[in-house]
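*Asks:* sequence and predicted structure are below.
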Protein chains: 4
Amino acid sequence: MGKKFTEKQIHILNIAEELIAEKGFEGTSVRDISAKANINVAMISYYFGSKEKMMYHLYHYRVQRTREHFAEFSEIIKDGKPEMQMREIIKYIVGQLFKYGQFHGFVSQELRRNENLKQELLVFYQFCVKKIDEVLKKGIASGVFTFAPKPEDILSIILGTTLFSIRNKNFMENYVRHSDDQSYIKEAEKKVKANMMLTVFALLGFVQD
Amino acid sequence: MGKKFTEKQIHILNIAEELIAEKGFEGTSVRDISAKANINVAMISYYFGSKEKMMYHLYHYRVQRTREHFAEFSEIIKDGKPEMQMREIIKYIVGQLFKYGQFHGFVSQELRRNENLKQELLVFYQFCVKKIDEVLKKGIASGVFTFAPKPEDILSIILGTTLFSIRNKNFMENYVRHSDDQSYIKEAEKKVKANMMLTVFALLGFVQD
Amino acid sequence: MGKKFTEKQIHILNIAEELIAEKGFEGTSVRDISAKANINVAMISYYFGSKEKMMYHLYHYRVQRTREHFAEFSEIIKDGKPEMQMREIIKYIVGQLFKYGQFHGFVSQELRRNENLKQELLVFYQFCVKKIDEVLKKGIASGVFTFAPKPEDILSIILGTTLFSIRNKNFMENYVRHSDDQSYIKEAEKKVKANMMLTVFALLGFVQD
Amino acid sequence: MGKKFTEKQIHILNIAEELIAEKGFEGTSVRDISAKANINVAMISYYFGSKEKMMYHLYHYRVQRTREHFAEFSEIIKDGKPEMQMREIIKYIVGQLFKYGQFHGFVSQELRRNENLKQELLVFYQFCVKKIDEVLKKGIASGVFTFAPKPEDILSIILGTTLFSIRNKNFMENYVRHSDDQSYIKEAEKKVKANMMLTVFALLGFVQD
DNA sequence: GATGAATGAGGGTTCATTCAT
DNA sequence: GATGAATGAACCCTCATTCAT
């Protein structure tokens, strides 16, 4: 269970996340944040100690929640057939990334600053690898998967491709039918999910019964 | 044909790239750059007009050269067999990304600030898509490829996965046998290339003759 | 008779004095004081109106008590022989300064800020001068003192030398045999008292009967 | 020979000294200094690195020069008769303190912050003690001095009394005939010198030939 | 009577840039 | 053409104080 924040603190974190995603950590001043959040400049220091520490809390908060969430999720699907499990995992990861896209869009930039976050993220990624590996092995054993690629390679593909699509909107939007930002996000997510399904299952040599 | 720079200007750009890759644009001061480049603080403004404009020149310079280079490259491979062409394209793209990894590592962050770069990069990506599409169609026609995934999806996978691997060194290094940074880079590049080969060809339903 | 303070207020004043003696007025924040005194930050403003006013109360409190104390003291010694009276006055003043050394150590710094304190201190000093003068005249009259230096000069010597000794511990400690801070203070006080006895009596041309 | 400063830097140091003497180090903001010195706020950091370092330079500059000056002075008087030497030393020390009174008036307050200065000042004081001791011994040997007080006690008296007089102007001015600040300083210095002459020579048991 | 959340002012410092030389 | 001194704006943070409870 993570640190508890007041509603106001969460409000600030959300605004901060938005702005940092847009302009980077150094490019975002505490004045920007306080102005947009309609609070006093001093509040960031008051609540979090410093701008830097606020950043840490922001990361920690997101990563912690993501980890917990994924743990619950993998519990839920643990009794399904391997192909269903794999399908769910792909949908889940891509979905989460799109949901918190603006966060994951800049998080890797900030890794260099924050050793703690690096570690937390690593632990999370390795948990994902483990889950993928379990499903993989089960599928191989039962014969529905005929190839056995490295689980970390599968995860790299899913994470990398999805993050790339989120970060390079102006490339992706040429291939996605959409009318506005809202619908773009939805359709882009669909496209990436379809791509990942196809790719991963091709890679696994999946054989329909 | 790009802007012509003096040797000193290129020297500054190289130092700047290095520092920005390490600490971000805002995190890198003109004093840092001038100190490391052994030039006067005023030189950046003097040569490029401003720090911001220097950034633009830096991006422009890199992207321009990459585009030219890829154009040459695709000319060279244009008469090969589709599977060979695809193999070369994958090797080429992954290789280039690893070569200029520090640049590509932060370029997406700077896209939000720089409309011009965005456009240039888009043109380049679309050129890649076109090339992939040509090879794809040729392979389908000749029967060596049995599936026809979207070319932009293939590109997304290659670019996304490679960039992810470069950016998340502390994740990747758990799966790569290496003794030092030098050897890590080499082995990581090998691993990503192998992964991409397997993946793309699986996706294409490649059938060995 | 001075202002009446509650126990809590006196507690705060004591803590404040301690901290201010150590780090100066501006160097001591109300947060420092409230933290060390285990009270709420708002209490200083609440009890005293402001930090500045608290300071005033602190000075007032000390000076007032010192004045009252000295008045009592001079009443007690008023019937002795002049040489005994002078000896007692010297011992008393030096003793008091050492006792409240941390206060007197910084009070002159704060004089510039506080007209009231300046006035109160002046009145006190002049009272001392008067007492010294009385003793002086009596001694001259009775022939035990053969010189008649200015009483204010005698006071300047006693106060100045003692305060200098308190403030320049790292100079004085080279000439004082001591094992720790506690013993240093004791020995330093002894040394200053001896010095002042010798000096003042030499100045007075004291003739033993 | 001390650090060399430009004219502008010395100008800043002088203004800073004035303000700090008046309002203390923490009570004086770099904006106060820059406003009064008619320079940009950034110049203090630019020239000295920080406000703190400026303070150090200020102290260092003054103490260094005082030490050098006193060394020269003591060379000059080294061949005189003891009573003349002692007289000159007293006049010199009191004179210097009055000359740089505003500096010496707050320096002891800042000792707690600045270990270096503490050390430099100590060395200077000990040099003074040594010189006084030499004169003392010579006088005793030649019989013009009949008592042998501790040299450090003599120095304490001279420094302490003089500093007290400078710091407690509103006390001293009651005993000094003066029309304005200028004349007050002059007369106060005279009074202190006379007092110290009398006192020290009384203490030494000086016997006119 | 007493508190903790919140405020606005001002703190020192660093920034990219300019200007006289 | 190139420099280093100097600038004003903006940075994050801490301050004493206030206000609703």
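*Replies:* Done, it's in. Numbers count the residues shown, from 1 in each chain, chains lettered A, B, ... in the order given.
*Asks:* from B:L159, how far off is the closest residue to A:H178 other than its chain neighbours?
*Replies:* Sequence neighbours aside, A:Y184 is the residue nearest to A:H178 in space, at 3.9 Å (criterion: CB to CB, 6 or more residues apart in numbering or on different chains). Where you see a C-beta, it was placed from the backbone N, CA and C, and this is true even at glycine. Distance of A:Y184 to B:L159, given as CB to CB, to the nearest Å: 19 Å.
*Asks:* and those two? Which one has more around it.
*Replies:* When A:Y184 and B:L159 are compared for neighbours, B:L159 comes out ahead with 22 against 16, by other CB atoms under 10 Å in any protein chain shown.
*Asks:* helices or strands next to the host helix or strand of the more buried one in the packing?
*Replies:* Per DSSP states H and E: B:L159 is located in helix B:151-167. Applying 3 or more CB pairs under 8 Å, 6 or more residues apart in numbering or on different chains; DSSP states H and E, we find helix B:151-167 packed against helix A:151-167, helix A:169-172, helix A:181-204, helix B:82-99, helix B:101-111, helix B:115-142, helix B:181-204.
*Asks:* thinking again about what came up before, what pLDDT is listed against the residue nearest to A:H178?
*Replies:* We have a pLDDT of 91 for A:Y184.
*Asks:* over to A:Y59?
*Replies:* pLDDT recorded at A:Y59 is 85.
*Asks:* now it, what's its secondary structure?
*Replies:* helix (DSSP: H, G, I helix; E, B strand; the rest coil).
*Asks:* leaving out sequence neighbours, find the closest residue to it.
*Replies:* Excluding the flanking residues, the one nearest A:Y59 by CB to CB, 6+ apart is A:L117, at 4.4 Å.
*Asks:* pretty sure the one you found contacts A:V63?
*Replies:* Yes: between A:L117 and A:V63 there is a contact under CB atoms under 8 Å: 6.6 Å.
*Asks:* so what sits against both of these two?
*Replies:* Counting by CB atoms under 8 Å, 6 or more residues apart in numbering or on different chains, A:L117 and A:V63 have no contacts in common.
*Asks:* OK, contacts around the residue positioned nearest the centre of chain A?
*Replies:* Closest residue to the average C-alpha location of chain A: A:L97 at 3.3 Å, with CA atoms, centre = their mean. Neighbour list for A:L97: A:104, A:159, A:162-163, A:166 [criterion: CB under 8 Å, 6+ apart].
*Asks:* distance check, the residue nearest to A:K51 when sequence neighbours are not counted against chain D.
*Replies:* Closest residue in space to A:K51, ignoring its immediate chain neighbours: A:V30 at 5.3 Å, by CB to CB, 6+ apart. For A:V30, the distance to chain D (CB to the nearest CB, to the nearest Å) stands at 20 Å.
*Asks:* what's the local residue count around A:V30?
*Replies:* Using other CB under 10 Å: A:V30 sits among 16 other residues.
*Asks:* which ones are touching it?
*Replies:* A:41, A:44-45, A:51.
*Asks:* repeat the analysis, applying 6 Å as the threshold.
*Replies:* A:41, A:44, A:51 (CB atoms under 6 Å, 6 or more residues apart in numbering or on different chains).
*Asks:* give me the buried subset of those residues.
*Replies:* Buried members of those, counted by 16 or more other CB atoms under 10 Å in any protein chain shown: A:44, A:51.
*Asks:* out of the contacts of A:V30, which sit inside helices?
*Replies:* Applying DSSP state H to the contacts of A:V30, the entries found in helices are A:44, A:51.
*Asks:* DNA strand E: which of the contacts of A:V30 is nearest?
*Replies:* A:V41 (5.7 Å; CB to the nearest atom of the strand).
*Asks:* secondary structure element for the residue nearest to that closest one when sequence neighbours are not counted?
*Replies:* Closest residue to A:V41 apart from its sequence neighbours, by CB to CB, 6+ apart: A:S34 at 4.6 Å. Element membership of A:S34, judged by DSSP H and E, is helix A:30-36.
*Asks:* show the average pLDDT along that helix.
*Replies:* 93.
*Asks:* buried set for that helix?
*Replies:* A:30, A:32-34.
*Asks:* ok, and of those residues, which contact DNA strand F?
*Replies:* A:30, A:32 (CB under 7 Å from any atom of the strand).
*Asks:* save the buried residues of helix A:30-36 as a markdown table, and put in distance to A:S142 too.
*Replies:* Below are the buried residues of helix A:30-36 laid out as a markdown table (distance: CB to CB, whole Å):
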| residue | distance to A:S142 |
| --- | --- |
| A:V30 | 55 |
| A:D32 | 54 |
| A:I33 | 52 |
| A:S34 | 56 |
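*Asks:* just the buried residues of helix A:30-36 now: which is nearest C:G24?
*Replies:* Ranked by distance to C:G24 (CB to CB), the buried residues of helix A:30-36 are led by A:V30 at 29.3 Å.
*Asks:* so where's chain A shaky on pLDDT?
*Replies:* Applying pLDDT under 70 to chain A flags residues A:1-3, A:105, A:108-113, A:208-209.
*Asks:* what does it have sitting close to chain B?
*Replies:* A:26-27, A:108-109, A:118, A:122, A:125, A:152-153, A:156-157, A:159-161, A:164-165, A:167, A:170-171, A:175, A:195, A:199, A:202-203 (CB under 6 Å from any CB of the partner chain).
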